[in-house]
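>>> Let's see this in three dimensions:
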Amino acid sequence: MIAAANVTFVIPCYPYSSTFEGSILAAYDAQTGVQKWSQSIAHPITQSSPTVSNGVVYIGTDDGYVLGFDEANGGNPIWNSVVDAGTGPTGPVLSPSVVSRNRVHWVDGNGTLWVVGICVAHGCY
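Next up, the predicted model:
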């Protein structure tokens, strides 16, 4: 499994500011390169990259969320750091998430290391 993310902004002519349109998280078969699934995400993703662990694809967002998607079932959303771990949005997620010992770790734009427990539909791990 290989996961990749992209973001789309619309940048009108000066002096107007850019407008966020959406992000897409996609998963590919590591052997064939064929896309397995993709999910639209309502959060900008420009500074973090996906992590795959225990059947979940994690991605950090620019507005302070870490999201988890089910690798085997079409990338359905199954974990959200704000809803499931109660962190509230943090600063922008600047690092790929690291998963170890039943916890997901990430660093935000304020330099804070976050470590939260993981429980998803597959169970706690």
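>>> need the strands for the chain, in chain order.
2-10, 19-28, 35-41, 51-53, 56-60, 66-70, 77-80, 98-100, 103-107, 113-117, 119-120, 123-124 (DSSP state E).
>>> And the average pLDDT for the longest one is what?
On average, the pLDDT along strand 19-28 is 79.
>>> What pLDDT is listed against the residue sitting nearest the centre point of the chain?
For the chain, residue 59 is the residue whose C-alpha lies nearest the centre (CA atoms, centre = their mean; 1.7 Å). Listed pLDDT for residue 59 reads 91.
>>> Spit out the contact partners of it.
3, 5, 25, 41, 45, 48-51, 66-67, 69, 97 (CB atoms under 8 Å, 6 or more residues apart in numbering). Using the backbone N, CA and C atoms, a C-beta is placed for each residue, glycine as well.
>>> now swap in residue 79 and tell me
Contacts of residue 79 by CB under 8 Å, 6+ apart are 56, 58, 67-68, 118, 120.
>>> Just give me the closest of those to residue 103.
Nearest to residue 103 among these is residue 118, at 6.3 Å by CB to CB.
>>> Low-confidence stretches in this structure?
1-20, 84-86, 119-125 (pLDDT under 70).
>>> neighbour-wise, which of the contacts of residue 59 leads?
Within the contacts of residue 59, most neighbours by other CB atoms under 10 Å means residue 67, with 28 neighbours.
>>> That residue is in contact with residue 43, isn't it?
Yes: Residue 67 lies in contact with residue 43 (CB atoms under 8 Å); the separation is 7.4 Å.
>>> got any residues that touch both of those two?
residue 61.
>>> just to revisit the earlier point, could I get the strands of the chain in JSON lines, plus columns for distance to residue 90?
Output for the strands of the chain, formatted as JSON lines (distance: least, CB to CB, whole Å):
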{"stretch": "strand 2-10", "distance to residue 90": "18"}
{"stretch": "strand 19-28", "distance to residue 90": "17"}
{"stretch": "strand 35-41", "distance to residue 90": "16"}
{"stretch": "strand 51-53", "distance to residue 90": "16"}
{"stretch": "strand 56-60", "distance to residue 90": "9"}
{"stretch": "strand 66-70", "distance to residue 90": "8"}
{"stretch": "strand 77-80", "distance to residue 90": "12"}
{"stretch": "strand 98-100", "distance to residue 90": "15"}
{"stretch": "strand 103-107", "distance to residue 90": "8"}
{"stretch": "strand 113-117", "distance to residue 90": "6"}
{"stretch": "strand 119-120", "distance to residue 90": "19"}
{"stretch": "strand 123-124", "distance to residue 90": "22"}
